[in-house]
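**Q** Here is my input; please provide its structure:
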Amino acid sequence: MRPLPISLFAFAAASPLVLLALGLWSGGLWPDLALLYMACAAVSLDLLIPWAACDAPDQEFPSADALLAALGLFGPVALPLLTWAIAGPSGLALPARAALFVAAGLWFGQVGHP
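**A** Okay, the predicted model is just below:
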């Protein structure tokens with residue numbers, strides 16, 4: 001079986017950021033979509049990891065350094081914005097705030113912590 005390209009993981013890790021950003025500014029279904037995406041992505045990515053392309057057997061994703069750096073730069077920007085949207089005067093409805101809270105928690109826990 002041919003290994004999956006690292007770009008697939010880059011897309012899967014970074015695309016929730018778009019959904020979270022849309023949920024921050026416009027509410028609506030975007031927080032729900034972010035939550036659904038993160039709930040499905042967490043399981044799917046764990047199943048796809050064994051087929052990821054790996055240049056060095058001693059590192060899990062050695063070609064993903066740029067991706068990790070970009071995601072690491074997003075975290076300090078996203079955290080205060082998400083805190084404002086969830087707990088501040090953002091105008092979002094309670095269900096949107098709850099979905100955004102869980103989706104952001106999943107993203108920070110599954111993707112943002114490395």
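
**Q** Distance from the biggest helix by length in the chain to the middle of the chain?
**A** In the chain, taking DSSP state H as the definition, the longest helix is helix 65-87. In terms of CA atoms, centre = their mean, to the nearest Å, the gap separating the centre of helix 65-87 from the centre of its chain is 10 Å.

**Q** Could you list the residues in contact with it?
**A** 6, 9-10, 13-14, 17, 20, 23-24, 61, 90, 92, 97, 100-101, 104, 108, 111-112, 114 (CB atoms under 8 Å, 6 or more residues apart in numbering). C-beta coordinates here come from the backbone N, C-alpha and C atoms, glycine included.

**Q** Of these, just the buried ones, ChimeraX syntax please.
**A** In ChimeraX, this line selects whichever of the contacts of helix 65-87 come out buried by 16 or more other CB atoms under 10 Å:
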select :6,9,10,13,17,20,23,24,61,90,92,97,100,101,104,111,112
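
**Q** my guess is residue 107 is in a helix, correct?
**A** Yes: secondary structure of residue 107 (DSSP: H, G, I helix; E, B strand; the rest coil): part of a helix.

**Q** Quickly find the element holding residue 89.
**A** Assigned by DSSP states H and E, residue 89 falls within no helix or strand.

**Q** How many residues are close by it?
**A** 7 (other CB atoms under 10 Å).

**Q** any idea how far it lies from residue 79?
**A** 17 Å (CB to CB, to the nearest Å).

**Q** Retrieve the pLDDT associated with residue 92.
**A** pLDDT for residue 92: 94.

**Q** Skip the chain neighbours and tell me the closest residue to residue 97.
**A** Spatial nearest neighbour of residue 97, chain neighbours left out: residue 86 (5.0 Å); criterion: CB to CB, 6 or more residues apart in numbering.

**Q** Repeat that for residue 13.
**A** That would be residue 111: by CB to CB, 6+ apart, it lies 4.9 Å from residue 13.
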